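**Student:** what would the 3D arrangement of this be:
(chains A and B)
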Amino acid sequence: MTSRRDQSLTLVILGVFSLVALLPIVGILVTAVQDPNGLRSFGSFDGIHLGNFGDAWTQGHFGSYLRSSTIVAVTVVVVSSVFSLLAGYAFGMMRFRGADVLFYVLLLGLMVPMEAVIVPLYYDLRDLKLTDTYWALILPQIGSSVAFGTFWMRAFFRTVPRSLVEAARIDGASTWFTLWRVLLPLARPAVLTMVVLLFMWTWNEFLLALVMVSDEGLRTAPLGLSFFQGRNTSNLTLLAAGAVIVATPVVVLYVFLQRHFIRGMLAGAVKG
Amino acid sequence: MAAVRFSEVDKRFGPVTAVSGLTLDVADGEFMVLVGPSGSGKTTALRMLAGLESISAGEVSIGERVVNKVAPRERDIAMVFQDYALYPQMTVYDNLAFGLRRRKVRKEDIDRRVASAAESLDITPYLERRPGQLSGGQAQRVALGRALVREPQVFLMDEPLSNLDAKLRTQTRGEIRRLQQQVRTTTVYVTHDQVEAMTMGDRIAVMNDGVLEQCGTPEELYERPANRFVAGFIGSPAMSFFDAAAQADGDGVRLRAGALDLLVPGAPRLPAQVTVGVRPEGARPWSGGGSGRLGPVRGTVEYVEALGRETFLGVATDGARLIVHHDGRATEQVGDAIEFGIAPGGLRFFDTDSGVAIA
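**Tutor:** Predicted structure coming up:
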């Protein structure tokens, strides 16, 4: 039992941290709808000007950037999710020689930051004539996403009672059928959480896009936003509107899948 | 329906041998119970029969077919798991129908078989519920139904009652036995509970440390245990043992252990040192020499287990610790002196070193 005093203290601490996290976001949102000519300082308010979003969209070519980001993020998330599900199933449910070693090799993909491999990766992809194509953005991110996804899905499959899979095998289900029809419905919170995380990380990836593509038509949203910032250092409202445009898809996806996301994050942590 | 045969079967997990040289025949339609303590290899043996574990050596056959390399789904078996393993996202109906659908059984037949299994297990009202909405007993019956509806050649059951409370366990025990006798499907049932084994099995296979110690009817195991392990494992309360010096004396054998001195008429030829086993019902309070019992043996009551209809007294004598059976309620208290007699026919003898029974 927590006392009333403990509860109040918890609420105060949570409130302070929520404010720290939310204030910059609220600041950007408020700035994004300001009168672009009347702006005095970051976060100040003088009415709602939704036209800023239209201006930022046209001036910043965000239509093209968002299209590139969508192509890259959707491909990476779909392919990585399928691979992660299959690899996680194998590592979590099957016993085979070398499983542990293979899994730790895969985990290297989680531990090595993109900054450490970006230069050799650039030369490799250039040799393959893949720089300045979507493949240069998609393939490396599939690699790093599958490392995390496999780790994530393996953890989930380890929590599933083995007897469930064995019962399905005895009942006549193939490995494939067992995965899709018996386990996948149970894995939905874990899969959707993985989808949100992978989408967020892929969408926000900046360095890879900066190094691998120079063609403006291939620029992703964060890279486009950075170029947009370079051109509009003085126009804070347009910058903020651009930032809001770039962040919106991830926020929409999160809100849409939030219920599953929380359940996925809690899976295994809470009994029941 | 089909017979099941284990022939010199081994199972090794790396350096650990879980099952060693298991040879066991289960007749067509028989209810065979594999019983033994934790780690005795009984579940591993069952899983090898199910195809869930590979076989390191030997052969497992179902009917005429060696199934060592046959996938579980092609063995025509159904298994009831300890944790039931019901598909949580499916309704009870879909759980029962799952195996039939996988085998492309016609929908009308599925409906008929599910309805029939549900009725015989009294789960018809729950067909549209999900496993999460069932009590332990209901989930257990659904798991049984899933096996029953398949009409397989062999039922495999891995401690299916261990998650139920004592009352429900007794009730379900009878229900499983009734269903098995009704369908006469060969059944291999694993349990660590010797009461379950004794009450359910046509025959019982007792396993210990990966080795089959003895296989026989409940009566054979109880009356003629092959060794000290089986004698101690089967029966509740367990058989008491004490080491004694044996010496031929006229037509009988004199057994001496501390102050205990018993002249056993008609005993078999025994080595000089022997382990003597006494079932609780073989030791009863002394009621005079006319009872035919050996004694009186004097001891002190160490504990009292009053079960209402009968009472078991733990008694320490100079030379042995025995359990004495008392009809109804006993008046003795802990620390009281007691005299009791031992039925000579109730004594079992085992080699002190090897534990093997001496007939």
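**Student:** which residues of chain A lie near chain B?
**Tutor:** Residues of chain A lying near chain B by Cβ under 8 Å from any Cβ of the partner chain: A:161, A:163-164, A:166-174, A:177, A:182, A:185-186. Placement of C-beta: from N, CA and C, glycine included.
**Student:** tell me which residues touch the most centrally placed residue in chain B, please.
**Tutor:** Residue closest to the average C-alpha location in chain B (Cα atoms, centre = their mean): B:Ala197, at 2.9 Å. Going by Cβ atoms under 8 Å, 6 or more residues apart in numbering or on different chains, B:Ala197 touches B:Val33, B:Val35, B:Thr191, B:Ile204, B:Pro218, B:Ile234.
**Student:** about what we covered before: any of the residues of chain A next to chain B buried? List them.
**Tutor:** For the residues of chain A next to chain B, a neighbour count by 16 or more other Cβ atoms under 10 Å in any protein chain shown gives the buried set as A:Ser163, A:Leu164, A:Glu166, A:Ala167, A:Ala168, A:Arg169, A:Ile170, A:Asp171, A:Gly172, A:Ala173, A:Val182, A:Leu186.
**Student:** can you redo these as a markdown table with pLDDT?
**Tutor:** As requested, these are exported to a markdown table (pLDDT from 0 to 100):
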| residue | pLDDT |
| --- | --- |
| A:Ser163 | 92 |
| A:Leu164 | 93 |
| A:Glu166 | 94 |
| A:Ala167 | 94 |
| A:Ala168 | 94 |
| A:Arg169 | 93 |
| A:Ile170 | 94 |
| A:Asp171 | 92 |
| A:Gly172 | 91 |
| A:Ala173 | 92 |
| A:Val182 | 91 |
| A:Leu186 | 89 |
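**Student:** for A:Leu179, which non-adjacent residue is spatially closest?
**Tutor:** Closest residue to A:Leu179 apart from its sequence neighbours, by Cβ to Cβ, 6 or more residues apart in numbering or on different chains: A:Tyr89 at 5.5 Å.
**Student:** what is the neighbour count of B:Thr187?
**Tutor:** Using other Cβ atoms under 10 Å in any protein chain shown, the number of residues around B:Thr187 comes to 27.
**Student:** what about it, distance to chain A?
**Tutor:** To chain A, B:Thr187 is 15 Å away according to Cβ to the nearest Cβ, to the nearest Å.
**Student:** for that residue, phi and psi?
**Tutor:** Dihedral pair for B:Thr187: phi -130, psi 130, per degrees, to the nearest 10.
**Student:** and it, what pLDDT?
**Tutor:** pLDDT, B:Thr187: 96.
**Student:** list the buried residues for stretch B:212-230?
**Tutor:** Applying a neighbour-count criterion of 16+ other Cβ under 10 Å, the buried positions in stretch B:212-230 are B:212-216, B:218, B:220-222, B:225-230.
**Student:** pull the residues that contact the host helix or strand of A:Ala56.
**Tutor:** Assigned by DSSP states H and E, A:Ala56 belongs to helix A:51-59. Identification of contacts with helix A:51-59 by Cβ under 8 Å, 6+ apart yields A:32-34, A:36, A:62-63, A:228, A:232, A:237-242, A:244-245.
**Student:** residues in contact with stretch A:200-212?
**Tutor:** In contact with stretch A:200-212 (Cβ under 8 Å, 6+ apart) are residues A:69, A:72-73, A:76-77, A:114-115, A:118, A:122, A:125, A:131-132, A:136-137, A:140-141, A:145, A:219-223, A:226, A:249-250, A:253-254.
**Student:** do the same with stretch B:171-185
**Tutor:** The contact list for stretch B:171-185, computed with Cβ under 8 Å, 6+ apart, reads B:1, B:29, B:31, B:120-121, B:137, B:140-141, B:144, B:148, B:151-155, B:157, B:160-161, B:164, B:187, B:189, B:196, B:199-200.
**Student:** one more pass at 7 Å, please.
**Tutor:** Here stretch B:171-185 makes contact (Cβ atoms under 7 Å, 6 or more residues apart in numbering or on different chains) with B:1, B:29, B:31, B:120, B:140, B:144, B:148, B:152, B:154-155, B:161, B:164, B:187, B:196, B:199-200.
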